[in-house]
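K.L.:
Just need the structure, nothing else, for what follows:
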Amino acid sequence: MIKIEYSSDVKQAIKNNEPIVALESTIITHGMPWPENLKTAKSVESVIREYGATPATIAIINGVIKVGLEDESLSELSKNKAVRKLSRADLAHCLVRKETGATTVAATMIIAKLAGIKIFATGGIGGVHKYAEKTFDISADLQELSQTSVSVVCAGPKAILDIPKTLEVLETLGVPVITFGQTSLPAFWSSDSPFASPLSLDDPSSIAKSHEIRKRLGLSGGQLIANPIPKADQIPFETIEPIVIEAVKLANEKNIIAKDLTPFILSKINQLSKGESLLANIALIKNNAKLASKIALCF
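P.N.:
Alright, predicted model coming up:
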């Protein structure tokens, strides 16, 4: 028997059939330093409430699935340095051992689907890492998007990835990549990139309708909604790309692999960009929460 505990706000929203937006927890535990992680988590939840939806930050605490975190749990999670990073492969193991884990995009999608939540806001998805032809490092997020019917709002694939290869894998898996309001694909910290978006839609109601039509067609999997970071907050692609290349090079030299790779690279980019990447990261997460809330209201 799988036990899910809902926060008081989420429980009330489910009872009243009100819109809910899922949030992952690895942004809190592995994506940002303390106390910025806690401040950001709280401000993102505030954005969702401001736009008329209920936030549901997802995590596993001492072997219990939590859909929505009360303030005390959120604060404790933000300071805990021994939290596991959970994807599809780790969920059951964490529950059996009654451990605490933060959910990646893939794990958050699985739990959101169990809880009946259709929309999920995050920063950026994982994908095909640079040099994957040698390392075979491809995120489980891509496979999850192809089989779990939750729409995911992000700022595009993380700019640390091999974006063309990531798009190719998503196409092969049949995942719709829909950019909101423009035809070029955003690249996380950058509102534009040299890459064209496979699809685009201009309003939240169309994105919600597309989600529902896929369900009626019997299509498995979710939608990836690429939401450009506001231009005032972005780091242009041509500025951030050399920094990304340098950070990836350092990771290779230190033989940083698997689940340690993304946190290492993000931390190094923040250092090399003198904190600009962290500020952009915070801005894009809030922007994604805003769009996800608007979509949630359309279901």
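
K.L.:
all contacts plus neighbour counts: C-alpha atoms, from now on.
P.N.:
Will do.

K.L.:
Least confident secondary structure element in this structure?
P.N.:
helix 132-135 (a mean of 81; mean pLDDT, DSSP states H and E).

K.L.:
so how many other residues sit close to residue 15?
P.N.:
Neighbour count of residue 15, defined by other CA atoms under 10 Å: 9.

K.L.:
about what we covered before: any idea how far the least confident helix or strand of the chain is from the chain center?
P.N.:
Distance of helix 132-135 from its chain centroid, counting by CA atoms, centre = their mean, to the nearest Å, is 23 Å.

K.L.:
Quick check: what element follows it along the chain?
P.N.:
helix 140-147 (DSSP states H and E).

K.L.:
That next one - contacts with which helices or strands?
P.N.:
Contact here means 3 or more CA pairs under 8 Å, 6 or more residues apart in numbering; DSSP states H and E; on that basis helix 140-147 packs against helix 105-114, helix 163-172.

K.L.:
Now tell me what touches that helix from outside.
P.N.:
87-88, 104-106, 109, 125-127, 169-170, 173-175, 220-224 (CA atoms under 8 Å, 6 or more residues apart in numbering).

K.L.:
What ranges does this structure have for its strands?
P.N.:
For the chain, the strands defined by DSSP state E cover 4-6, 20-23, 54-61, 64-67, 84-86, 101-103, 119-121, 151-154, 177-180, 199-201, 224-226.

K.L.:
Of these, which is nearest residue 297?
P.N.:
strand 20-23 (8.5 Å; CA to CA).

K.L.:
Which elements pack onto the closest one?
P.N.:
strand 54-61, helix 105-114, strand 119-121, helix 276-296.

K.L.:
rerun at 10 Å
P.N.:
With contacts defined as 3 or more CA pairs under 10 Å, 6 or more residues apart in numbering; DSSP states H and E, strand 20-23 has these neighbours: helix 8-15, helix 36-50, strand 54-61, helix 105-114, strand 119-121, strand 151-154, helix 276-296.

K.L.:
And these: which comes nearest residue 205?
P.N.:
The nearest among the helices and strands packed on strand 20-23, by CA to CA, is helix 276-296 at 6.2 Å.

K.L.:
Pull out the buried positions in that closest one.
P.N.:
276-278, 280-296 (16 or more other CA atoms under 10 Å).

K.L.:
quick one, it and helix 36-50 angle?
P.N.:
Counting by axes from the mean of the first three to the mean of the last three CA atoms, to 10 degrees, helix 276-296 lies at 20 degrees to helix 36-50.

K.L.:
follow-up on the earlier one: let me have the helices and strands packed on helix 140-147 in JSON lines, extended by mean pLDDT, distance to residue 157 and mean neighbour count.
P.N.:
Below are these laid out as JSON lines (pLDDT from 0 to 100; distance: least, CA to CA, whole Å; neighbours: other CA atoms under 10 Å):
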{"stretch": "helix 105-114", "mean pLDDT": "97", "distance to residue 157": "12", "mean neighbour count": "23"}
{"stretch": "helix 163-172", "mean pLDDT": "96", "distance to residue 157": "7", "mean neighbour count": "17"}
